[in-house]
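**Student:** sequence below, structure please.
(2 chains)
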Amino acid sequence: MELTDFFTDYTLRTITLGTAILGAICGMLGSFAVLRKQSLLGDAISHAALPGIALAFIITGVKDPNLLLIGALISGLVGTFWIKSIVKRTRLKNDTALGLILSLFFGFGMLLLTFIQKMPNANQAGLDKYLFGQAATLVESDVWVMAIVTGLSLLVLLLFWKELKLLLFDADYTKTLGFNVRFLDILITSFIVLAIVLGLQTVGVVLMSAMLLAPAAAARQWTNNLGKMIVLASIFGAFSGVFGTAISASQNNLSTGPVIVLVAAFFVIVSFIFSPGRGLLFREIRFRKNRRELHQKKTLSFMYQIVKEHKNISRPHAIRILNNFQGFTRKTLNQLEDEQLIAISGNQWSMTQKGYDQAELMYTKLGTEND
Amino acid sequence: MHTSSKIPAIQIDDLTVAYNYKPVLWDIDLVVPEGVLMAIVGPNGAGKSTLIKAILGIIKPIAGSVEVFGKPYKKQVDKVAYVPQKGSVDWDFPTVALDVVMMGTYGSLGWIKRPGQKEKKRALEALEKVGMLEFKSRQISQLSGGQQQRIFLARALVQNAEIYLMDEPFQGVDATTEKAIINILKELRKQGKTLIVVHHDLQTVPEYFDWVTFLNVKGIASGPVKDIFNDDNLTKTYGINYKVAVNQT
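**Tutor:** Below is the predicted model of the structure:
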């Protein structure tokens, strides 16, 4: 497969468009899942969808993707509803309820799949594709459905932006202001279920939650603004779809879903390391810089104590007298000289006017901060 | 000062709340007159936060009724402002201080309508009142505990309500912030507002509040601080050792 095929090949173009839209909607709605601390809900929903797919096939006997997805939607919603009512009505915690429903539904789904395999129906092959997804089966009508759902959820998001933001930050407070929290919760959860179901065909039951979480987790690293985070998550998601499809198309037999998820994971890793505000790299740099500055300040203030006893602040002193002081290293001294706070000649140092002023300022500042 | 003919700010009758069959509040009767600055005191697990949440309709009681100025809470949402415990939200949420305060205007806006310049102005005024104007663009996770508490207070101030329900507004704040907050509360009372505050520091009750409710699952006593804030009620609320503990300190 050549790069030019990527733009001319109709099938590939459809698949790329489909995975891009899927990535975008997942990033958008995944942001809500992540910020509501419901990351695992997506995983439970996608696994809960499997028996729905199998049952839809058993009941209808045809392998129409749309029918199967309606089955997935119904059992996904049932699973979600059960999780919520378990949490509400029993003493079980959220994670237990999620794990319970996830494995119960998935196990039941797998059972049905093996049952289907033994059925005398020539049509049966390929249902297991929903486990890991197969982007190659995407056709234009699928892409249309995705586009419409994406447009719809964008509309809902813009319409209820204020209310949803409030719900994400402080659900109890939202209730006290008179908003119907239950309605908002059902609204956002339904769209998350819808996005997951749409992704099953492409990414599959097992990896779907990664599509939901990875772009959002990556986006959170780059911004402290909810709107920007959601836009960024959509972009990361869309790019994961495009790059993932391109990579899997250029390498024979690489299945698309896992590659898309790996690309999304790559975005997460890069974001966690390189983002300026929250990234590991810049945190380490800031930490070292702070430590260096602290050493400098300690040394300078020690020198200030010595110098202020004398009339002439520039009077040279022996470097030796600093040796009793722990914060002192030769490197710190050189750094202070570079900033022209002190001057060094031979074994002696002397403070400059600039250094004296800065040390004095440091003291007055410390004084007011302690008030 | 409080005539009995007036409709009370809050009237609670036979309120019982239970989590998993264990009663947290048992048969509470409480009348809060309009215009008082009231402390709710009681030991840990006494149901103080639960009482506030039940008044606000966040928690559904298994029995009893709550009336706000003579009507159910749902019809009076615009008259009540809530300051939750600081720890009840995730402060790493991607937003800035001004944005959180703006949320106080959402209730009066109603569904879908977005806040505009008018709402922003109100939020800025509230920020100034709590001394946080210079932090308006600060990411909320970068604020100290006391500053976060002030942001929550500002958010409630923006609501311009008649009744303020506050869940431990002094928790984890330094002396300066505590003074600043209590001054704002006293000013609100001067304007005729009713304030109900979950409070832990018994030493400051007589200084800060004019009304007090003792609570320990059951309602022990409620009334003016000068009349009922005594060893007898403290002992009933906190158990037999209370008197001894106070005398030692």
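**Student:** would you map the strands across the stretch 201-350 of chain A?
**Tutor:** Assigned by DSSP state E, counting those that start in this stretch, the strands in the stretch 201-350 of chain A fall at A:317-318, A:342-345, A:348-351.
**Student:** most packed of the ones you listed?
**Tutor:** For the strands of the stretch 201-350 of chain A, average neighbour numbers computed from mean count of other C-beta atoms under 10 Å in any protein chain shown are highest in strand A:348-351, which has a mean of 20. In this view, the C-beta of every residue, glycine as well, is placed from N, C-alpha and C.
**Student:** now the strands of the stretch 201-350 of chain A as TSV including mean pLDDT?
**Tutor:** Listed next are those as TSV, based on pLDDT from 0 to 100:
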stretch	mean pLDDT
strand A:317-318	80
strand A:342-345	83
strand A:348-351	83
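**Student:** near chain A, which residues of chain B? Just list them.
**Tutor:** Taking C-beta under 8 Å from any C-beta of the partner chain, the part of chain B that reaches chain A is made up of B:20, B:53, B:56-58, B:74, B:77-78, B:80, B:82, B:84, B:88-90, B:93-96, B:100, B:103, B:106-107, B:109, B:111-115, B:139, B:159.
**Student:** same thing but 6 Å
**Tutor:** Applying C-beta under 6 Å from any C-beta of the partner chain, one finds that chain B approaches chain A through B:20, B:56, B:58, B:77, B:82, B:89, B:93-95, B:103, B:106-107, B:112, B:114, B:139.
**Student:** closest to A:Leu336 among those residues?
**Tutor:** B:Gln139 (33.4 Å; C-beta to C-beta).
**Student:** from memory the closest one sits against A:Asn224, does it?
**Tutor:** Yes. At 4.5 Å, B:Gln139 counts as touching A:Asn224 under the criterion of C-beta atoms under 6 Å.
**Student:** so for stretch A:34-54, what's the average pLDDT?
**Tutor:** Mean pLDDT, stretch A:34-54: 91.
**Student:** let me know the helix or strand that the most centrally placed residue in chain B is in.
**Tutor:** Among the residues of chain B, B:Met166 comes closest to the average C-alpha position under C-alpha atoms, centre = their mean, at 1.6 Å. Element membership of B:Met166, judged by DSSP states H and E, is strand B:163-167.
**Student:** elements contacting the next helix or strand after that strand?
**Tutor:** Towards the C-terminus, the helix or strand next in line after strand B:163-167, according to DSSP H and E, is helix B:175-190. For helix B:175-190, not one helix or strand is in contact under the criterion 3 or more C-beta pairs under 6 Å, 6 or more residues apart in numbering or on different chains; DSSP states H and E.
**Student:** returning to that earlier point: nearest to A:Val206, of the residues of chain B next to chain A?
**Tutor:** Proximity of the residues of chain B next to chain A to A:Val206 was ranked by C-beta to C-beta; the top entry is B:Pro94 with 29.4 Å.
**Student:** A:Val203 and A:Gly133 touch, don't they?
**Tutor:** Yes. The pair A:Val203 and A:Gly133 passes the contact test of C-beta under 6 Å, sitting 4.4 Å apart.
**Student:** neighbour count winner among the two?
**Tutor:** In this view A:Val203 and A:Gly133 are compared by other C-beta atoms under 10 Å in any protein chain shown, and A:Val203 has more residues nearby, 34 against 27.
**Student:** show me the contacts for that one.
**Tutor:** A:Gly133, A:Met211, A:Gly257 (C-beta atoms under 6 Å, 6 or more residues apart in numbering or on different chains).
**Student:** swap in A:His47?
**Tutor:** Residues near A:His47 by C-beta under 6 Å, 6+ apart: A:Leu102, A:Phe105, A:Phe106, A:Val205.
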